[in-house]
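Visitor: please find the sequence and the predicted model below.
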Number of protein chains: 2
Amino acid sequence: MATDGVAAKRADARRNVESVLDAAITLLATDPRVSVNEIAKAAGVGRVTLYGHFPSRAALVEAVSLRVIASTDQALSAIDLAGDPRDAMVRLLEATWQLTRRFGAVVIAASDVLTPEEMRRVHEGPSRRVRALVERGRDEGVFRRDMPVLWQLATIQAVLHGASAAVHRGDVTADDATRLVRDTVLAVLAVTP
Amino acid sequence: MATDGVAAKRADARRNVESVLDAAITLLATDPRVSVNEIAKAAGVGRVTLYGHFPSRAALVEAVSLRVIASTDQALSAIDLAGDPRDAMVRLLEATWQLTRRFGAVVIAASDVLTPEEMRRVHEGPSRRVRALVERGRDEGVFRRDMPVLWQLATIQAVLHGASAAVHRGDVTADDATRLVRDTVLAVLAVTP
DNA sequence: CTTAAGGCGTACACCATTGTTCGAGAAGAG
DNA sequence: CTCTTCTCGAACAATGGTGTACGCCTTAAG
């Protein structure tokens, strides 16, 4: 009965776990404090069933975070970061913007649950790539060096977050935002003439 | 007994209202969901007493919002917006940055309580000045025109918010942030060479 | 000093949310 | 088909927050 050393869940159980994770990601991405009830309802599953798979709300949020991180890491690792740092940054931004739109406020939900240490570790993966690229651009003289790298990373983060809010608010369309994020970040990073 | 047509509260009552508002602003500025209990405790006042002055948590948050708005409006109306738009923007940013640091997350608390309509109206006051300045800069050819004004405003907002977070996180000092906010926003607005 | 307004703590009702228990029934695995 | 696993709803306890009622004490105002 066990194809593995471990339990081997039934098919509908695995299906339900998937539904719950999907629903949780979708809802948490726009409202970090949705109730377990709403998540279960959106997943087409009873609340008790959900608790059968995740021992607590915190555990669910953590599972969602891990999935988001994995998805993010996978998407970003596919990006070619070679060549002119500006072009590489454009590619990286494009992908990151899609991820920001998709996952948005999950980070906030996570920060309510994960320890600061875990949060730091979780952030590190994706931001490492951006950081490396920014540093290379600085070394090659195409990105300005009169600001701390950490500040430049924070600004990129802020622009992405702000763009997400602006789209949600209806100030700009999602398509326009792609271009605007790109141009804005490049303007921030560019060396002053 | 009534110097006015109205009630004329006792001296300690007015003092307590002040304490509560001060404490509420301080606490809400870093955590938008503090409990009434904590606010009362921080104000050195019983929870019941607080409810004697504000009928509900929402009413308190609204009063705080009004006070913050008034304070903001007063601070910003003192800024000279004439002359080179870039210099005027620097002055405006300096003041806005101080306000952002001081009041921070009050906006978030407000958005949980006020209707979207009220929120819009409340935001309009302060953002009107920034908007007018950005538009003048565009007309005079010193700010770029290949982005929507709304986007530029959103970006300024995002940079300020991000700076606040970066300082809180310890990535940069508050003093450095002043300069960095200035340089970053100017880079975003400047016409491309 | 007298009086009324205000402050304080306790206690209570109310609500939403989390997490658990139970038993009947549906659905997958063999 | 049978057996085991899983689902589901209802019901329950616990928690933590909001808002109210009451009685006693303190303090400002005249």
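Guide: Cool, the structure landed.

Visitor: what's the helix or strand hosting residue A:24 in contact with?
Guide: Residue A:24 belongs to helix A:11-28 when elements are defined using DSSP states H and E. With contact meaning C-beta atoms under 8 Å, 6 or more residues apart in numbering or on different chains, helix A:11-28 is reached by A:9, A:34, A:38-40, A:42-45, A:49-50, A:53-54, A:60-61, A:63-64, A:67-68, A:103, A:105-106, A:109. C-beta here means a position set from N, CA and C on the backbone, and glycine is covered the same way.

Visitor: do the same with stretch A:56-70
Guide: For stretch A:56-70, using C-beta under 8 Å, 6+ apart, the contacting residues are A:20-21, A:24-25, A:28, A:36, A:39, A:50, A:54, A:103, A:106, A:109-110, A:112-114, A:122, A:125-126.

Visitor: could you do stretch A:109-120 as well?
Guide: Residues contacting stretch A:109-120 (C-beta under 8 Å, 6+ apart): A:28, A:32-33, A:57-58, A:61-62, A:64-65, A:122.

Visitor: what's the farthest-apart pair in these?
Guide: Pairwise distances across the contacts of stretch A:109-120 peak at 19.2 Å for A:33 and A:122 (criterion: C-beta to C-beta).

Visitor: before we move on, back to that, restricted to helices, list the contacts of stretch A:56-70.
Guide: A:20-21, A:24-25, A:28, A:36, A:39, A:50, A:103, A:106, A:109-110, A:112-113, A:122, A:125-126 (DSSP state H).

Visitor: quick one on the thing from earlier: which of the contacts of helix A:11-28 are close to DNA strand D?
Guide: Intersecting the contacts of helix A:11-28 with the contacts of DNA strand D gives A:9, A:44-45, A:49, A:53 (criterion: C-beta under 7 Å from any atom of the strand).

Visitor: of these - the most surrounded one?
Guide: Highest neighbour count within these, by other C-beta atoms under 10 Å in any protein chain shown: residue A:45, with 19 neighbours.

Visitor: make a markdown table out of the ones next to DNA strand D among the contacts of helix A:11-28 and add distance to DNA strand C.
Guide: Below are these laid out as a markdown table (distance: C-beta to the nearest atom of the strand, whole Å):
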| residue | distance to DNA strand C |
| --- | --- |
| A:9 | 9 |
| A:44 | 13 |
| A:45 | 13 |
| A:49 | 9 |
| A:53 | 11 |
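
Visitor: put together TSV for the residues you listed, with pLDDT on each row.
Guide: Below are those laid out as TSV (pLDDT from 0 to 100):
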residue	pLDDT
A:9	83
A:44	97
A:45	97
A:49	97
A:53	97
